[in-house]
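K.L.:
mind looking at a prediction? Sequence and model below.
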Amino acid sequence: MTIMHKLLSLLKVNIVYSSIFLMIALTVLTTFFAFRNQSIMRSTNERINEADVILRNIKELWTGINLMDLGVRGYALTKKDGLLSPFDQAVRVNPTYLDTLSSFMKRQQLPTEKLEAYKVLNDEYVQLCRRMISLSRLDSMAEFTALLEEDRGLALWLAYSAFSSELVNYENQLKSDAQRGYQSAVNGNTVLQIVFFLAGIPSLYLIFYRIRKQTTTTNALLLDLEQNNRKYVFDPGTVTTPDLATIMNTSIDNLKKASAFIEKITKEDYDVTWPGMNPQNAQLNRSNLSGTLIDMRDQMKQIKEQDENRIWITEGLTKFTEIIRQYQENVNGLCEQSIRFITKYMEAQQGGVFLLQEEGDDHYLELVACYAFDKKKFVEKRIALGEGMIGQAFMERNTVVLKDVPKGYTHITSGLGEATPSNILIVPMQYNEKSEGVVEIAGFMDWKDYHRNFIDKATEYMAAALSSVRSTQKMKLVLEQMQIQTEQLHAQEEEMRQNMEELAATNEEMKRKEGEYLKQAGA
């Protein structure tokens, strides 16, 4: 009972497989019996065809005997050779009929003694007919008539009947049995088909039921797949389609899009876009795979831009320090080459360097170098501290970014005429909390933060170099003044020494004269 219960449980769980197995078994059995019945029918048809061949040859054999007799009698009466055609035809084909009958009788394992006896009589009768034809040609009609009256055809007929009647009865019975077997096979095949059909109906019902149930389940799963695909991969913001093929194709297409998107990102193609993403559905995809990949693309693009900007700054500062190193002892050369490089590297159109000048108590900013369209402009310009934007930037030590440039503030001249720049950048040159001057550049480019970082560092390097140059110049001036003072002291000492020598000589002369005077007085 337990085994039966387990078997029923197993069948219930695997009802579809069991039904399919049953249908396969029924199909195999149907095929087997179909081949079996087909074999029976083929064998039956072969036996019927064989019997028909034997019966036809028996009939044709007797027809040949009659044709021989007819030919002989017709020739004897008319002496026309054309009437011998039936005889000649019978003589030609009768051996074939006899050989065929002999072959089939041996195949059917039938006795052939009577057939062999008939063959002997048939040959003798043929010889008799030939003799009668010869007698007719010789007009020996008396002898011909004597042979005809012997009626030897009767003996041939009796021999023919002896084997043909038995053979005809046997072949007819064989055909009858074969036809009954054929009909029995057809009836059996029909019954088996009905049985197999009735047995297969429950299995087909179970299969269709499970297929329908599986289809319903599959539809539910695919609809769930569609919802998850929109939730976790990409939501186009359109109405959900019930078409299952479209759902599968959409899911596969989204996976292909994700793969292609990631592949392009790995190749540093950060301009790649997700097909179908637009401002209308972007909010729906913020937290799914497509939105995450786009965020990753933006972050990697930002990192790449930061790296490129960092490299741009580093390369610029490296080249700029080489300029400072070459002109670190020449203030004018340093300012000219620096503003030339900064203007071109920043893709500006015009630039100027204003240095702090000190004349006693008078402090002001002076334009010492300027650059515009790859040519120097020798412009004299003096700005008081705190005057205008340049003076304010110097005093406040803050960079000024001017994007709304007033008309007439400055002009950029080219072969096409004059134009007011769209952006101006004013950067104080500061080093150790001390301002050495101001750098101003003007152009049509919207400078970013990394541009400002570069110019802040460049002006700092420039301020350090200028501070060093100015310190060196001041030190040289002090040394020169000390050297002048030392030389002056040496000259004064030499003059004093000469004065002392002259004084000593004068004292000696006075002493000598005093001695002479005393000598003369004593005398």
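P.N.:
That came in fine, so what should we check first?
K.L.:
quick one: least confident helix or strand in the chain?
P.N.:
strand 375-376 (a mean of 45; mean pLDDT, DSSP states H and E).
K.L.:
pLDDT of the following helix or strand past it, averaged?
P.N.:
Going down the chain from strand 375-376, the next helix or strand is strand 382-384, by DSSP states H and E. Strand 382-384 carries an average pLDDT of 86.
K.L.:
mind listing what's buried along strand 382-384?
P.N.:
For strand 382-384, the buried set under the neighbour-count rule, 16 or more other C-beta atoms under 10 Å, comprises residue 383. Backbone N, C-alpha and C define where each C-beta goes, glycine included.
K.L.:
just the CA coordinates of the next helix or strand after it, formatted as PDB?
P.N.:
For strand 382-384, the succeeding helix or strand toward the C-terminus, using DSSP H and E, is helix 388-396. The C-alpha trace of helix 388-396 is given here as PDB (Å, rounded to 0.1, in the frame of the first residue of the first chain):
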ATOM      1  CA  GLY A 388      40.200 100.500 -10.000                       C
ATOM      2  CA  MET A 389      39.800  96.800  -9.900                       C
ATOM      3  CA  ILE A 390      43.600  96.200 -10.300                       C
ATOM      4  CA  GLY A 391      44.400  98.400  -7.400                       C
ATOM      5  CA  GLN A 392      41.600  96.900  -5.200                       C
ATOM      6  CA  ALA A 393      42.800  93.400  -6.100                       C
ATOM      7  CA  PHE A 394      46.300  94.300  -5.000                       C
ATOM      8  CA  MET A 395      45.100  95.900  -1.700                       C
ATOM      9  CA  GLU A 396      42.600  93.200  -0.900                       C
END
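K.L.:
what helices or strands is the helix or strand following helix 388-396 leaning on?
P.N.:
Sequence-wise, the next helix or strand downstream of helix 388-396 (DSSP H and E) is strand 400-402. Applying 3 or more C-beta pairs under 8 Å, 6 or more residues apart in numbering; DSSP states H and E, one finds that strand 400-402 makes contact with helix 388-396, strand 423-431.
K.L.:
how near is the residue lying closest to residue 450 once chain neighbours are set aside to residue 295?
P.N.:
In space, and not counting its chain neighbours, residue 450 is closest to residue 309: 3.6 Å by C-beta to C-beta, 6 or more residues apart in numbering. The gap separating residue 309 from residue 295 is 21 Å, by C-beta to C-beta, to the nearest Å.
K.L.:
of those two, who's got more company?
P.N.:
residue 309 (16 against 12; other C-beta atoms under 10 Å).
K.L.:
for the helix or strand containing the more buried one, buried residues please.
P.N.:
Assigned by DSSP H and E, residue 309 belongs to helix 289-326. For helix 289-326, burial by neighbour count (16+ other C-beta under 10 Å) applies to 289-291, 293-294, 297, 301, 309, 313, 316-317, 320, 323-324.
K.L.:
please apply the same query to stretch 432-448.
P.N.:
435, 436, 437, 438, 439, 440, 441, 442, 443, 447.
K.L.:
in CSV: the residues you listed, plus pLDDT and distance to residue 507.
P.N.:
Below are the buried residues of stretch 432-448 laid out as CSV (pLDDT from 0 to 100; distance: C-beta to C-beta, whole Å):
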residue, pLDDT, distance to residue 507
435, 85, 64
436, 87, 61
437, 91, 64
438, 93, 68
439, 93, 70
440, 92, 73
441, 91, 77
442, 89, 79
443, 88, 83
447, 89, 83
